[in-house]
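**Q** quick one: sequence and predicted model below, then my questions.
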Amino acid sequence: MTVALTLTVLLVLAVAGFVLGRRRAVASAQGNIRVLHSLPNYYGWHGAIMAAVPALLALAVWLILQPMVVERQVLGYFPADSVESDAARTLIMADVRRVANGLDVAVARGALTDVQAREVSTTTGSIREVLGTVGVALGAEVTPQVLEAAQRSRELNLSGAWMRTVLTLTLALAGLAYAIKVTDKDFRARNRVERVMLALLMLASTIAILTTVGIVMSMLTESLRFFSMYPWQDFFLSLTWSPSFQGNSQLGLAPLLWGTLYISLVSMLVAVPIGLFTAIYLAEYASPRLRAIIKPMIEIIAGIPTVVFGLFALVTVGPFLRDAFAQPLGLGTSGSSVMTAGIVIGILNIPFISSLADDIINAVPQSMRDGSYGLGATKSETIRQVVLPAALPGVVGAILLAASRAIGETMIVVMGAGAAARLDLNPFEAMTTITVKIVSQLTGDTEFNSPETLVAFALGMTLFVITLGLNIVALIIVRKYREQYE
């Protein structure tokens, strides 16, 4: 049984648990729901939770552990001395999974029977030809070891799927039976449901925290591997970025960091004033009718894909800046520049700042405005000296969100600023950012264990530290002004 079908059955059992639990509670009270400890729906939710939650948790754990167990079993077909490195092991396992999936497709489409899929070998015909008949393409000829490992992987996955289904449905039925058994008019269903919901909320927050920790640890471990191969002094202090997979690379951070900060600064100089002034106008000056028209039109910008903004930078903004400013002033002849990418990213961030700041300004109590007016302040004085300081924590959060988006933008930079890593003050010169180089270093047919590839993780860790620093600065500003105006 597939995972989707299993989830459908669990959903049906959960609905059945809700209906049966509610009916049994009402029946135990002989129709008088006033004698029930909890509302009837709580008994129903208890039945649904007991039928679904334990089974879903078991299913999630199984889906996480099964690939690990299968991979450990399959690796037995490849002696340790035949696997040169972790990268080679990763490539081998990718081939094994590709062949195993191809056999599944061939069986599903009738090109092979299940018995033939288990017994096919490289000596009875090319597995590439067999799988090619059902549209599964393999990059290279399959070795006997890979084919045997793929067949073993397929067998383990099939048997694991049946065991997973049996376990999941058994837990669901057992939970449903238990819920029906304990349900009566005196059962504290509300307390049980609230405890379960609290546990689920705690689990969700724990997953979020562990995900963040996992991301940081994965970047940190790979960054440490990079610094074991490449001197950290050269990475942080070198002024040259010149990777070469043939060796003698110069992987200096400074040009990439400069390009990232330069483009982000230009984008914020565009987005912050326009976005903040737009928010002030919509919140304090615009009529409700005009606001209802303008705000949705501005928010449409947030839904435009970044690749469209990249095309806009490449076709419109870049040539305009080149012809109107760069060439007449003798500052450059290329349409790809810091100004091109910065302006377009700034336009992209206007809706984020304006919408968030607008909502935050509207949340300032009207009593603060009325008190300011009562003291004789004008509308502009009230906005400058009362409304904006009171809304500053939220406004800082909106600006920080826009800054993080500007720092992490990739597509617009590729199409609008080029890929040249250089240190230059000229805003009409092509430059690049850390995120662009992360993508370029991890794409293509490259050796994963080389410094030229692992440098992407060091760049990512650097970007994480920069963003963390921005958050800390923002928290300091927010705390200072929150204490002043609360």
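**A** Right, received. Where do you want to start?

**Q** from Glu71, how far out is Val3?
**A** Per C-beta to C-beta, to the nearest Å, Val3 is found 19 Å from Glu71. For the C-beta atoms, the positions are set from N, CA and C on the backbone; glycine is no exception.

**Q** ok, which stretches of the stretch 101-250 of the chain are strands?
**A** Secondary structure of the stretch 101-250 of the chain (DSSP state E, counting those that start in this stretch): strands located at 241-242, 250-251.

**Q** need the winner for burial among these.
**A** strand 250-251 (a mean of 18; mean count of other C-beta atoms under 10 Å).

**Q** which residues are contacting that strand?
**A** Tyr230, Asp234, Phe235, Ser238, Thr240, Trp241, Ser242, Pro243, Pro451, Glu452, Val455 (C-beta atoms under 8 Å, 6 or more residues apart in numbering).

**Q** Ser249 is in contact with the fourth one, correct?
**A** So the one you mean is Ser238. No: look at Ser238 against Ser249 with C-beta atoms under 8 Å: they stay out of range, at 10.4 Å.

**Q** tell me how far the residue nearest to Ala286 when sequence neighbours are not counted lies from Leu169.
**A** Of all residues not flanking Ala286 in the chain, Ile294 sits nearest, at 6.5 Å (C-beta to C-beta, 6 or more residues apart in numbering). The spacing between Ile294 and Leu169, counted by C-beta to C-beta, is 55 Å.

**Q** ranking the contacts of strand 250-251 by neighbours, who comes first?
**A** When neighbours are taken as other C-beta atoms under 10 Å, the top entry among the contacts of strand 250-251 is Val455 (26 neighbours).

**Q** looking at it, it is touching Pro243, isn't it?
**A** Yes: at 7.2 Å, Val455 and Pro243 qualify as touching, with contact defined as C-beta under 8 Å.

**Q** what residues do those two have in common as contacts?
**A** Residues touching both Val455 and Pro243 by C-beta under 8 Å, 6+ apart: Leu251, Gln441.

**Q** just the helices in the stretch 51-200 of the chain please.
**A** 86-108, 114-119, 127-132, 144-182, 189-229 (DSSP state H, counting those that start in this stretch).

**Q** just checking, which helix or strand of this structure averages the lowest pLDDT?
**A** Least confident helix or strand of the chain, by mean pLDDT, DSSP states H and E, is helix 127-132 with a mean of 66.

**Q** mean confidence score for the host helix or strand of Ile360?
**A** Assigned by DSSP states H and E, Ile360 belongs to helix 338-362. Confidence for helix 338-362, expressed as mean pLDDT, is 92.

**Q** tell me the first helix or strand C-terminal of that helix.
**A** Sequence-wise, the next helix or strand downstream of helix 338-362 (DSSP H and E) is helix 366-374.

**Q** helix or strand right after that next one?
**A** Note on helix 366-374: by DSSP H and E, the next helix or strand toward the C-terminus is helix 379-382.

**Q** and the next helix or strand after that next one with helix 366-374, angle?
**A** Remark: after helix 379-382, the chain's next helix or strand is helix 388-408, criterion DSSP H and E. Angle of helix 388-408 versus helix 366-374, following axes from the mean of the first three to the mean of the last three C-alpha atoms, to 10 degrees, is 120 degrees.

**Q** redo the strands of the stretch 101-250 of the chain as a markdown table? Include distance to Ile49 and mean pLDDT.
**A** Shown next, in a markdown table, are the strands of the stretch 101-250 of the chain (distance: least, C-beta to C-beta, whole Å; pLDDT from 0 to 100):
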| stretch | distance to Ile49 | mean pLDDT |
| --- | --- | --- |
| strand 241-242 | 55 | 90 |
| strand 250-251 | 53 | 90 |
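
**Q** out of these, nearest to Ala25?
**A** Closest to Ala25 of the strands of the stretch 101-250 of the chain is strand 250-251 (C-beta to C-beta; 66.9 Å).

**Q** skip ahead from the closest one and say which helix or strand is next.
**A** Once the chain leaves strand 250-251, the next helix or strand it forms, by DSSP H and E, is helix 254-280.

**Q** packing partners of that next one?
**A** On a contact count with 3 or more C-beta pairs under 8 Å, 6 or more residues apart in numbering; DSSP states H and E, helix 254-280 meets strand 241-242, helix 338-362, helix 388-408, helix 434-442, helix 451-485.

**Q** go again with 6 Å.
**A** helix 338-362, helix 388-408, helix 434-442 (3 or more C-beta pairs under 6 Å, 6 or more residues apart in numbering; DSSP states H and E).

**Q** pull out the buried positions in whichever helix or strand comes after that helix.
**A** Per DSSP H and E, the first helix or strand lying C-terminal to helix 254-280 is helix 288-299. Across helix 288-299, burial judged by 16 or more other C-beta atoms under 10 Å covers Lys295, Ile298.
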